[in-house]
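[1] no sequence for this one, just the structure:
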């Protein structure tokens, strides 16, 4: 009797943490109740987009995880596709040969056409010479001319037919090559996970299997609806989700995160900066080119930012040490410029805009089902209604249009990640804009487009000049007029 292999389990998907480019999937695995001691189980199948190096298991009560191995599983139909690929390659070879034969025949036909042209160039002078001597063999000339045109026309017709055949063959060749590439790639490869476990006692037990999958991510999308009658704004926060992992997330607890699951845990270490002070004297030494210093300062800031960003991605001590050295080297350049420049000059330099490493997570309070498909899927995250102050903004020196704007506070229980916003005012769509990341409790303003019932005009009324105490005094008078075609007054 053939010995039975380890039991194959599927488990059920319970949790998904969706990042912006990948996702951490958690499967709940119920283990066989009657087993005790060391044993193996196979969890199968994991989807095509699985990162095999990311698979790990959480220890459950009464179960010790001794090892976790992820292996690819070639599909059963892979062998059957080999014969189909061979047939396609033979068909591609035949079409390629037919195209070469047709092109060769076209070349021969063109040589025949060139010969017929040279023959025509010979006949015309001969006819002229015979006419000059009073001798014209009309019948022979007619036969030669008819033969010349018929053969030339026959060659042209054949060349055109061969061109059409080559075009059709090339289209067929492209189709066969695409089909061959598709079959040669084979059906999607899935994965099996082999768990070597040890149970202390018989009885039911379970564990969680976690793995990262690619081809998925999300971006925030907002619908903001303003109600001027109630001075309220409703914010709808939706997640536009891209999910092509190869498996269906059915009834999972979904969390949306801006963090990166591959961020390194190596912290930056500050190295000492040794400074030597010398009395070189001379104001000329102090007059350093401000433009050059600005470029060096900004370059050092960018290098430091890039080095720190690289350190968050490293996965080894050696790589972390290299990135940490680069960060300290660029930071030293920044500090040396700060030590050598006057404060008045430093204020002109760009302020340090450190890398924004912001991690926000949104846990949806209900189970969500997301199928694996190419089209993006929309999932609501939160909805909130709060008070807002509506007003108009006019900049007549730039434009005659008057814009609507509102000041509101993020009164939701979450920070709002920056993203695209669809703006509605009094149930009418007014346009699209973008919103920066807004922390909880922070006040911000949001534009609601142009108000077509208001116009702004700016006119120069007067300009006068005078000299007072050796200084030139210029006075300009400007008039700004706002045309309000509404029935009610507005706040401007």
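    Good, I have the coordinates. Quick caveat: nothing in here was measured; it's all calculated off a predicted structure.

[2] Not counting sequence-adjacent ones, nearest residue to residue 166?
    Excluding the flanking residues, the one nearest residue 166 by Cβ to Cβ, 6 or more residues apart in numbering is residue 102, at 5.1 Å. The C-beta positions use only the backbone N, C-alpha and C, and glycine is treated the same way.

[3] That neighbour is in contact with residue 160, isn't it?
    No: using Cβ atoms under 8 Å, residue 102 is not in contact with residue 160, being 11.8 Å away.

[4] Doesn't residue 453 lie inside a helix?
    No: if the criterion is DSSP: H, G, I helix; E, B strand; the rest coil, then residue 453 is strand and not within a helix.

[5] and the gap between the closest residue to it other than its chain neighbours and residue 361?
    Nearest residue to residue 453, sequence neighbours excluded (Cβ to Cβ, 6+ apart): residue 485, at 4.4 Å. Distance of residue 485 to residue 361, given as Cβ to Cβ, to the nearest Å: 48 Å.

[6] which one of those two has more residues nearby?
    The neighbour comparison of residue 485 against residue 361 (other Cβ atoms under 10 Å) goes to residue 361, with 14 against 9.

[7] which residues touch that one?
    For residue 361, the contact set (Cβ atoms under 8 Å, 6 or more residues apart in numbering) comprises 17, 255, 256, 257, 258, 259.

[8] So which of the residues you listed wins on neighbours?
    residue 256 (24 neighbours).

[9] Leaving out the residues flanking it, which one is nearest to that one?
    Closest residue to residue 256 apart from its sequence neighbours, by Cβ to Cβ, 6+ apart: residue 362 at 4.4 Å.

[10] pretty sure that neighbour is touching residue 255, no?
    Yes: using Cβ under 8 Å as the test, residue 362 is close enough to residue 255 to be in contact (6.7 Å).

[11] Report the buried residues of stretch 53-72.
    Along stretch 53-72, these residues count as buried under the neighbour rule (16 or more other Cβ atoms under 10 Å): 54, 55, 57, 60, 62, 63, 65, 68, 70.

[12] Quick check: buried residues in the host helix or strand of residue 457?
    Assigned by DSSP states H and E, residue 457 belongs to strand 443-468. By neighbour count on 16+ other Cβ under 10 Å, the buried set for strand 443-468 is 446, 447, 448, 449, 451, 454, 455, 456.

[13] Those residues: which two are farthest apart?
    Greatest spacing in the buried residues of strand 443-468, by Cβ to Cβ: 446 and 455 (22.5 Å).

[14] Stretch 431-447: end-to-end distance?
    Length of stretch 431-447, first residue to last, Cα to Cα, to the nearest Å: 9 Å.

[15] One more: stretch 366-380?
    Across stretch 366-380, the terminal residues are separated by 11 Å (Cα to Cα).

[16] And the contacts of it?
    Here stretch 366-380 has contacts from 47, 221, 236-254, 364, using Cβ under 8 Å, 6+ apart.

[17] go with 7 Å
    For stretch 366-380, the external contacting residues (Cβ atoms under 7 Å, 6 or more residues apart in numbering) are 236, 238-254.

[18] how far does stretch 482-491 sit from the chain's center?
    Offset of stretch 482-491 from its chain centre (Cα atoms, centre = their mean, to the nearest Å): 44 Å.

[19] Quick check: phi and psi at the spatially closest residue to residue 364 that is not a sequence neighbour.
    Leaving aside its sequence neighbours, residue 364 sits nearest to residue 254 (Cβ to Cβ, 6+ apart; 4.9 Å). Main-chain dihedrals, residue 254, degrees, to the nearest 10: phi -100, psi 130.

[20] which residues in the stretch 101-250 of the chain form helices?
    138-185 (DSSP state H, counting those that start in this stretch).

[21] got any ranges where it has weak pLDDT?
    Scanning the stretch 101-250 of the chain for pLDDT under 70 picks out 119-142, 144, 184-188.

[22] which of the contacts of stretch 366-380 count as buried?
    236, 238-239, 241-247, 249, 252-254.

[23] Name the surrounding residues that touch the helix or strand containing residue 481.
    If you go by DSSP H and E, residue 481 is part of strand 471-484. For strand 471-484, the surrounding residues in contact (Cβ under 7 Å, 6+ apart) are 394, 396, 454-467, 490, 492.

[24] Mind doing that once more with 6 Å?
    Counting by Cβ atoms under 6 Å, 6 or more residues apart in numbering, strand 471-484 makes contact with 396, 454-466, all of which sit outside it.

[25] Make CSV from those residues and add pLDDT and distance to residue 196 to it.
    As requested, these are exported to CSV (pLDDT from 0 to 100; distance: Cβ to Cβ, whole Å):
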residue, pLDDT, distance to residue 196
396, 92, 76
454, 93, 74
455, 94, 77
456, 94, 75
457, 93, 81
458, 93, 79
459, 92, 85
460, 91, 85
461, 92, 89
462, 92, 91
463, 91, 89
464, 91, 93
465, 90, 92
466, 89, 94
